[in-house]
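Undergrad: heads up, no residue letters with this:
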């Protein structure tokens, strides 16, 4: 099976082109989830799969620090979506929606110069409680 890779800010040009699409830590940068779900549906073939990772930092004690870093170095505003917000946007487009936690498979490496998380406890909270992977399957048509 041939493999195609595209990095783009707009997927409107790809009508029913993909069997699978992925986004890694991108959803928190998307403000209009309904429009995103519609675009993904248009780009996927019927029963195509969209895999998206998402970090739900809303309850992390380091949230303000994380948001500050994103504002300082990013060009796009951080959106504090809930899991239900994401699922609802894709349900509205007819997707079958599944989600799972992304649990670490081993030890968590620590960095003495950590900037993202204020404490090791906050980092572990993220690793065990806040990292998710969605699997959304497009409708048959």
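TA: On my side now, so go ahead. Here the structure is a predicted model, which means the values were calculated and not measured.

Undergrad: quick one: pLDDT of residue 33?
TA: Each residue has a pLDDT score; the one for residue 33 is 98.

Undergrad: Contact partners for the nearest residue to it once chain neighbours are set aside?
TA: Spatial nearest neighbour of residue 33, chain neighbours left out: residue 89 (3.7 Å); criterion: CB to CB, 6 or more residues apart in numbering. Backbone N, C-alpha and C define where each C-beta goes, glycine included. Residue 89 is in contact with 33-34, 36-37, counting by CB atoms under 8 Å, 6 or more residues apart in numbering.

Undergrad: in this protein, which strand has the most residues?
TA: Taking DSSP state E as the criterion, the chain has its longest strand at strand 44-55.

Undergrad: Paired strands for that strand, with orientation please.
TA: strand 18-23 (parallel), strand 131-137 (antiparallel) (DSSP bridges).
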